[in-house]
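show me the folded form of this:
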Amino acid sequence: MTDVAIASGRPAAVRASVPALGLAALGVVFGDIGTSPLYTLKTVLNLAGDKPDPAMVLGSLSLIVWTLIVITTVKYVSVAMRIDNDGEGGILALMALIGLKRHHRPAIVALGLFGAALIYGDGAITPAISVLSALEGLEIAAPGLQPVVLPAAVVILVALFAIQPLGTAKIGRAFGPIMALWFITIALLGVWGIVQHPGVLAALNPLRGLVFLFSGGATSFLVLGGVFLCVTGAEALYADMGHFGPHPIRLAWSIFVFPALVLNYAGQAALVLEGAPTGDNIFYQLCPSWLLIPLLILATVATIIASQSIITGAFSMTRQAIQLGWLPRLQITQTSEEGYGQIYVGTVNWLLMLVTLGLTIGFGKSDNLASAYGIAVSVTMLMTSALLFIAMREIWQWSLPLAGAVAGVFMIVDAAFAAANLQKIADGGYVPVLLAVVVYGIMWIWHRGVQAMRERIEQTVMPIDTLLNRLAEHKIPRVPGTATFLTRTLRDAPPVLVWHLKHNRALHQYVVVVTVVTELVPWVGADSRLEVQQMAPQFWRLTAHYGFMERPDLPELLRQAAAAHCEVDLSDVTYYVGHETVVASDDERHLPRWIEMLFAAMQRNAARVTEFYRLPRESVVEIGREIAV
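I've put the predicted structure just below:
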């Protein structure tokens, strides 16, 4: 037997300057956190009553500013983005790094997966609350249009999800400049508000926030749940790191986003101190009446961009979970050749649309949605802090006191926000939590079912040497062409090949056995993609290694193997794949009946191997078999 290694690697990155990438990041990374001024301060002040006093206004503003600093600037931009899994960030990438790649730790895996599931829960709320908040400016421009807000929001959201199959490659180029205009606009509006009441800048003193927090009793604690809305998009900074790299994101945050957010929040608070009513949307009160309609249009576009970012993030997270073996195969469509992140997952898109529309219609107003918003992300951030502590100890080799001190600060802050947000459970906070439980349940059932199925298959496989001996002893006829057999086994004979020989009693002239291994890294290096091993004359085994951010391409693998002197006839290739039907087992070591039924349903509805591995349909033979689990 001979071995050959074949090179491949990560898709070539588009070379661009850090400022150019920072501008692009404005439209992808910062949409959610960038549109939070539309509803955050309004929600906070509503929690304090109809007529908040100056101490409450300045204390709330101070808490907002220092929450942006501690959570976003320090925790995510300065610390978390320095811990990456081969360039990728986010709770799933972090989980794979310390929970699977370095050690197999079921508790950490469960923590990371539930954190990811929680993001789906709040991801359904983000488009609803963002679009509703933007359109509620119509009530100020023309109070008679108030009944139009909800139907208009539904129409915009339906249109947003409906265009997803088209991809965002062309639209995405305009996202960055539009969001740059948005941040400049809200910064200027904030400056205008600060001029009305410069004393609002006293809120930059963190003592203002701490005094209010510890002296305001139950009101201050409840206000924390509203304050947290200002950083609900911070997790996206970490999750989207792989798209742009840490430097462009840090640049965009420091120069554009953070100053604009602080100025706008301060401007809104200044108007309240001057006596502006808090019943209406404070954000739009910053704007002169003659500019209200243009601002309304810009805000609506910005919220659409923010929603687009959430949807795209859900697609990317779904692909990671599929590659890591925690979700069934789904049809994934690459919508652009320019960027690997430009994908479309139809099942996720339409389910997310149904949930988002249900929340929009059910809650009706952004104020009502704010009661349900934030709880899932706050718990996710707490889980991320716990994982960061482990990474500090094991990856950075920090001492226990140092790692405990830094991560401890993050965990105390996150725990305070999570506790405050738990008060929202009865007011609708149960919705994202319930969605997260459902998603996590699907992941757990699928992974358990796959494990049971793999164990059953391994009990019946034939050693490869036994198969090769039978080929020689029985002089199996060979027909022209190349037969490619897909298998999960790394050593034994593919069950599909054994079945083929048993029933057809013939074999192609060239035989290739392919096993695809998903590594616990986002991308596989150029020199580690493909291993080619000759098992016998004209009989080859390929072991292909992919990262969890990559999509396998078997025809391309065969072309690479042929270039490395693997004997195959590329003009006549037939792909043989197994199609398993899950049935209940009769022995005692079987899955509980309810898990078997749910797993079997997911297995039946999973995407075909043909689409997942990019196989030409006219060259695929599916061989069905029953597997008792």
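
and the strands in the stretch 251-400 of the chain, which stretches?
Using DSSP state E, counting those that start in this stretch, the strands assigned to the stretch 251-400 of the chain run over residues 332-334, 343-345.

just the chain next, same as before
Along the chain, counting by DSSP state E, strands occupy 2-6, 332-334, 343-345, 478-486, 507-518, 530-536, 539-546, 573-583, 620-628.

which residues touch the second one?
Judged by CB atoms under 8 Å, 6 or more residues apart in numbering, the contacts made with strand 332-334 from elsewhere in the structure are 165, 315, 319, 322, 340, 342-346, 551, 607, 611-612. Every residue, glycine included, has its C-beta placed from N, CA and C.

residue contacts, Gly199?
Leu273.

check contacts around the residue nearest the centre of the chain.
Nearest residue to the geometric centre of the chain (CA atoms, centre = their mean): Met317, 3.3 Å. By CB under 8 Å, 6+ apart, the contact list for Met317 reads Gly90, Leu92, Ala116, Ile119, Tyr120, Ala239.

ok, and the closest non-adjacent residue to the fifth one?
Right, the one you point to is Tyr120. Spatial nearest neighbour of Tyr120, chain neighbours left out: Val439 (5.0 Å); criterion: CB to CB, 6 or more residues apart in numbering.

that neighbour contacts Gly115, correct?
No. Val439 is beyond contact range of Gly115, at 11.1 Å (criterion: CB atoms under 8 Å).

and those two? Which one has more around it.
The neighbour comparison of Val439 against Gly115 (other CB atoms under 10 Å) goes to Gly115, with 27 against 21.

which residues touch that one?
Contacts for Gly115 were tallied using CB under 8 Å, 6+ apart; they are Ile91, Met95, Val379, Thr380, Met383, Thr384.

burial of Trp444, as a residue count?
Using other CB under 10 Å, Trp444 is surrounded by 16 other residues.

number of nearby residues for Pro616?
Counted with other CB under 10 Å, Pro616 comes out at 11.

grab the nearest non-local neighbour of it.
Once flanking residues are discounted, Pro616 sits nearest to Pro555: 6.9 Å by CB to CB, 6+ apart.

list the contacts of the one you found.
By CB under 8 Å, 6+ apart, the contact list for Pro555 reads Val573, Arg614, Leu615, Pro616.

kindly write the PyMOL command that selects the buried subset of those.
Only the buried entries of the contacts of Pro555 go into this PyMOL selection, using 16 or more other CB atoms under 10 Å:
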select buried, resi 573+615
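
from the contacts of Pro555, which two are the most distant?
Using CB to CB, the pair of these lying farthest apart is Val573 and Arg614, separated by 13.0 Å.

give me the low-pLDDT residue ranges for the stretch 51-200 of the chain?
Residue ranges of the stretch 51-200 of the chain with pLDDT under 70: 100-104, 167-173.

pretty sure Ile445 contacts Glu596?
No. If you go by CB under 8 Å, Ile445 and Glu596 don't touch, sitting 9.5 Å apart.

adding distance to Phe258 and neighbour count, write the contacts of Met317 out as JSON lines.
Output for these, formatted as JSON lines (distance: CB to CB, whole Å; neighbours: other CB atoms under 10 Å):
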{"residue": "Gly90", "distance to Phe258": "21", "neighbour count": "29"}
{"residue": "Leu92", "distance to Phe258": "26", "neighbour count": "26"}
{"residue": "Ala116", "distance to Phe258": "26", "neighbour count": "25"}
{"residue": "Ile119", "distance to Phe258": "23", "neighbour count": "25"}
{"residue": "Tyr120", "distance to Phe258": "27", "neighbour count": "24"}
{"residue": "Ala239", "distance to Phe258": "19", "neighbour count": "24"}
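
list the buried residues for stretch 509-523?
Of all the residues in stretch 509-523, those buried under the rule 16+ other CB under 10 Å are 510-516, 518-523.

with stretch 183-190 instead?
For stretch 183-190, the neighbour count (16+ other CB under 10 Å) marks Phe183, Thr185, Ile186, Ala187, Leu189, Gly190 as buried.

tell me how many other residues surround Val348.
Val348 has 21 neighbouring residues, counting by other CB under 10 Å.

please report the distance of it from Asn605.
14 Å (CB to CB, to the nearest Å).

start and end of stretch 65-77, how far apart?
15 Å (CA to CA, to the nearest Å).

same check on stretch 220-239?
31 Å.

now do that stretch: distance to the chain's middle.
18 Å (CA atoms, centre = their mean, to the nearest Å).

show me the shaky parts of this protein.
Within the chain, the stretches with pLDDT under 70 are 1-17, 48-50, 100-104, 167-173, 243, 335-342, 526, 586-589, 628-629.

mind running it again at 50?
Residue ranges of the chain with pLDDT under 50: 1-15.

sorry, back to before: tell me the most buried of the strands of the stretch 251-400 of the chain?
Highest mean neighbour count of those: strand 343-345, a mean of 21 (counted as mean count of other CB atoms under 10 Å).

picking that back up, quick one: closest of the strands of the chain to Asp86.
Asp86 lies closest, by CB to CB, to one member of the strands of the chain: strand 539-546, at 12.7 Å.

that closest one packs against which elements?
Of the remaining helices and strands, those touching strand 539-546 by 3 or more CB pairs under 8 Å, 6 or more residues apart in numbering; DSSP states H and E are helix 464-473, strand 507-518, strand 530-536, helix 554-563.

how many neighbours does the residue nearest to Gly346 when sequence neighbours are not counted have?
Leaving aside its sequence neighbours, Gly346 sits nearest to Gln331 (CB to CB, 6+ apart; 5.9 Å). When neighbours are counted by other CB under 10 Å, Gln331 registers 13.

got phi/psi on Gln331?
According to degrees, to the nearest 10, the main-chain angles of Gln331 amount to phi -70, psi 120.

correct me, but it touches Thr347?
Yes. With contact defined as CB under 8 Å, Gln331 counts as touching Thr347 (7.2 Å).

overlap in contacts of the two?
Residues touching both Gln331 and Thr347 by CB under 8 Å, 6+ apart: none at all.

output stretch 620-629 as PDB, restricted to C-alpha atoms.
Extracted in PDB, the C-alpha atoms of stretch 620-629 (Å, rounded to 0.1, in the frame of the first residue of the first chain):
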ATOM      1  CA  VAL A 620     -25.300   8.700  -8.400                       C
ATOM      2  CA  VAL A 621     -26.700   5.300  -7.300                       C
ATOM      3  CA  GLU A 622     -28.400   5.200  -3.900                       C
ATOM      4  CA  ILE A 623     -28.500   1.900  -2.100                       C
ATOM      5  CA  GLY A 624     -31.100   1.700   0.600                       C
ATOM      6  CA  ARG A 625     -30.900  -0.400   3.800                       C
ATOM      7  CA  GLU A 626     -32.500  -0.500   7.200                       C
ATOM      8  CA  ILE A 627     -30.600   0.200  10.400                       C
ATOM      9  CA  ALA A 628     -32.100  -0.700  13.800                       C
ATOM     10  CA  VAL A 629     -31.200   1.700  16.500                       C
END
